[in-house]
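*Asks:* Using only what follows, build the 3D model:
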Amino acid sequence: MIVVRTVADLRDALRGRREGSIGLVPTMGALHEGHATLLRAARSADDTVVMSIFVNPAQFDEQTDLAAYPRTEEADLALAETEGVDVVFAPDAAEVYPPGFATTVSVAGPIAETLEGAQRGRSHFDGVATVVTKLLLAALPDHAYFGAKDAQQVAVIRRLVADLGIPVALVVCPTSRDHDGLARSSRNTRLSPEERARALAIPRALREVTDAAAAGVTDAEALRSRARAVLEASGIRPEYVALVDPGTFAPIAHVGGPVLVAIAGRVGATRLIDNTVVAPGGVPAPGGS
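*Replies:* Numbers count the residues shown, from 1 in each chain. Sure, this is the predicted structure:
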């Protein structure tokens, strides 16, 4: 495994590997088992696996969140090597956003402007879209791997790849969960034991919606109310509980086809998100969590 810090060195490292397929796993470090599942998916499908580590300042709406984001490069590199990564691209901010940088990739519409876009501000998905575009153009992979937990981020990236004609196939892997059902996240390490127990209300709320839909409840507001009740019973005030079209992120009034159920809320000072996809009859659709 080699570690490179510049785009030029990344391209040099990949120049002799393009006869085979290249898979890219973009990360912000602080790796956990969820990242490992993405790396394994890439390792099983591609001849060369590239992993990026970059804590992207452009996508943080709260500077305290950026400052608190864990930096664990030594442990991240050890995990990457264990999972068979060939090349790690770990640039600093000046490499990604050099002096004079003046371009932003911005996706319009509900995909980027609702839910996370509304809560975190327009700049959040602009930051995501810009850095992912730069990573894809730097590595020019055949496949890029993302987790379904960040469903809206995946939708934004899918849109920009299609609109800009970037020749990459996106591979979306199911949400990785701990044994208790909590979606794996680098932010979980901030939870106290008591907060961790309360956070389990988030996957329980998703299950409540799935079970209610399976029982024949199709009214979106009724399903949202059930999820909110589960969250509030554990002292979680959700920022949103949304039922939207998985492709457009337009809100839906009734479950008549696959629907993305998305939740965001704070447990103590820690902000968590999760989602699942429910199809008619309450059966999770392919690609759900």
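*Asks:* Contact partners for S185?
*Replies:* S185 sits next to H32, G34, K149, L272 when contact means CB atoms under 8 Å, 6 or more residues apart in numbering. Bear in mind the C-beta positions are built from the backbone N, C-alpha and C, glycine included.
*Asks:* and A138, what does it touch?
*Replies:* The contact partners of A138, taken as CB under 8 Å, 6+ apart, are V7, L10, R11, F89.
*Asks:* For the residues you listed, work out which two are farthest apart.
*Replies:* Longest distance between any two of the contacts of A138 is 10.1 Å, between R11 and F89; criterion CB to CB.
*Asks:* returning to what we had before: which one of the contacts of A138 is nearest to G216?
*Replies:* Using CB to CB, the contacts of A138 come closest to G216 at F89, 49.3 Å.
*Asks:* Look up the residues forming beta bridges with the closest one.
*Replies:* Beta bridges link F89 to V4, S52 when assigned by DSSP bridges.
*Asks:* Against V50, how distant is it?
*Replies:* Counting by CB to CB, to the nearest Å, the gap from F89 to V50 is 6 Å.
*Asks:* overlap in contacts of those two?
*Replies:* With CB under 8 Å, 6+ apart as the test, F89 and V50 both reach L10, A139.
*Asks:* How is the residue nearest the centre of the chain assigned, secondary-structure-wise?
*Replies:* Residue closest to the mean C-alpha point of the chain, counted by CA atoms, centre = their mean, is D150 at 2.9 Å. Three-state call for D150 (DSSP: H, G, I helix; E, B strand; the rest coil): helix.
*Asks:* what about A138, helix or strand, and which?
*Replies:* helix 122-139 (DSSP states H and E).
*Asks:* thinking again about what came up before, just the buried subset of the contacts of A138, please.
*Replies:* Buried members of the contacts of A138, scored by 16 or more other CB atoms under 10 Å, are V7, L10, F89.
*Asks:* burial measure for G117, as a count.
*Replies:* Close neighbours of G117, defined as other CB atoms under 10 Å, add up to 22.
*Asks:* Kindly apply the preceding question to P26 instead.
*Replies:* Residues near P26, counting by other CB under 10 Å, number 23.
*Asks:* Wasn't G257 part of a helix?
*Replies:* No - counting by three-state DSSP, G257 is not part of a helix but coil.
*Asks:* dump the residue contacts of it.
*Replies:* Contacts of G257 by CB under 8 Å, 6+ apart are A279, P280.
*Asks:* How about stretch 54-72, which residues are buried there?
*Replies:* For stretch 54-72, the neighbour count (16+ other CB under 10 Å) marks F54, N56, A58, Q59, F60, Y69, T72 as buried.
*Asks:* if I read this right, A58 contacts A93, doesn't it?
*Replies:* No - in this structure, A58 is not within contact of A93 by CB atoms under 8 Å, at 9.2 Å.
*Asks:* Cross-check the contact I'm expecting between E113 and R122.
*Replies:* Yes - here E113 lies in contact with R122, judged by CB under 8 Å, at a distance of 7.1 Å.
*Asks:* what about the stretch 101-250 of the chain, any weak spots by pLDDT?
*Replies:* Residue ranges of the stretch 101-250 of the chain with pLDDT under 70: none are present.
*Asks:* which residues in it form helices?
*Replies:* Here the stretch 101-250 of the chain has its helices, by DSSP state H, counting those that start in this stretch, at 110-113, 116-120, 122-139, 151-164, 193-199, 201-214, 220-233.
*Asks:* list the contacts for V161?
*Replies:* Neighbours of V161 in contact, by CB under 8 Å, 6+ apart: L136, V168, L170.
*Asks:* measure it to L135 for me?
*Replies:* With CB to CB as the criterion, V161 and L135 are 12 Å apart.
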